[in-house]
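In: Got a predicted model here, sequence first, then my questions.
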Amino acid sequence: MPLTCQQLLTKYTAQWQTATVHPFLVQCQQGTIQTQQFNTWLTQDYHFVVNFTRFAASLIQSAPVAHLDLLLGGITALKDELNWFQAKATERHLSLDQPLQPTCQTYCGFMADLAQEPYPVKATGFWAIELAYNQGWQSHSPMPAPYTEFADRWGNAAFTTYVELLAQQANSALQNADKATQIEVEKAFLTVATLEKDFWQMAYEITQPA
Ligand SMILES: Cc1ncc(CN)c(N)n1
């Protein structure tokens, strides 16, 4: 029986919940998040997206031709996202030239390892990473200024459609995955859930220099 993205969400509902529901998002929605905590998340997420872009490139390297159109569109969106992060940092007078915090480092290392995995594992991991932000920001929307545009960036309907198409591509890659690959897929999914939760938490453990 082939594994599907929906089966992962059903089997690991509790773990997935911790990836997409966190006080960080609740406080953004309530407008009570501390500026320093938000800025810590922002600067670290910029570095995350740089490494996520490299992971996207590795996904493209092993994708079947039929999957390239969607993934190339994703790369264009990441180009826009990197420029947007730089603009947000400038608005907030933040330097992006900062070391990666341990949690961000761990996540980036995980993506580098994932890049070495077979395509079904990579495709499912990529979908899960995008889904975490889509569901996390969307389920805490709307957010007040200045967080509205952050919630909209990952919570908007077009991004939801993109993530659904990523799931379809991952499902098609999983069609012929053997048992060993399915086990790796489940492990990668659970690791994404844990690292997403840790990434929100990181904002509370480190303070961004003013
Ligand atoms: C930690 C994290 N996870 C997911 C995403 C969405 N690309 C992100 N920007 N940052």
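Out: Right, received. Where do you want to start?
In: Where does Gly141 sit, in terms of helix or strand?
Out: No Gly there; residue 141 is Ser. Using DSSP states H and E, Ser141 is not contained in any helix or strand.
In: shouldn't it be in contact with Ala151?
Out: Yes: the criterion here is C-beta atoms under 8 Å, and Ser141 meets it with Ala151 at 4.4 Å. Using the backbone N, CA and C atoms, a C-beta is placed for each residue, glycine as well.
In: got any residues that touch both of these two?
Out: Listed as contacting both Ser141 and Ala151 by C-beta atoms under 8 Å, 6 or more residues apart in numbering are Gln29.
In: Same drill for these two, tell me which one is more crowded.
Out: Ala151 (21 against 18; other C-beta atoms under 10 Å).
In: Against Gln138, how distant is that one?
Out: 7 Å (C-beta to C-beta, to the nearest Å).
In: Now do the same contact list for the spatially most central residue of the chain.
Out: Compute the mean C-alpha point of the chain, and by C-alpha atoms, centre = their mean the closest residue is Ile129, 3.4 Å away. When contacts are counted by C-beta under 8 Å, 6+ apart, Ile129 touches Phe52, Met111, Val192, Glu196.
In: same check, this time on Leu8
Out: Counting by C-beta under 8 Å, 6+ apart, Leu8 touches Thr124, Ala128, Val185, Glu186, Phe189.
In: Point out the ones among these that are inside helices.
Out: Thr124, Ala128, Val185, Glu186, Phe189 (DSSP state H).
In: Could you single out the nearest of those to the ligand?
Out: Checking the ones in helices among the contacts of Leu8 against the ligand with C-beta to the nearest ligand atom, the nearest one is Ala128 at 9.1 Å.
In: quick one: what helix or strand has the nearest residue to the closest one once chain neighbours are set aside in it?
Out: Excluding the flanking residues, the one nearest Ala128 by C-beta to C-beta, 6 or more residues apart in numbering is Val192, at 4.3 Å. Taking DSSP H and E as the definition, Val192 sits inside helix 179-205.
In: Next, give me the two most distant ones among the ones in helices among the contacts of Leu8.
Out: Within these, Ala128 and Glu186 form the most distant pair, 10.8 Å apart (C-beta to C-beta).
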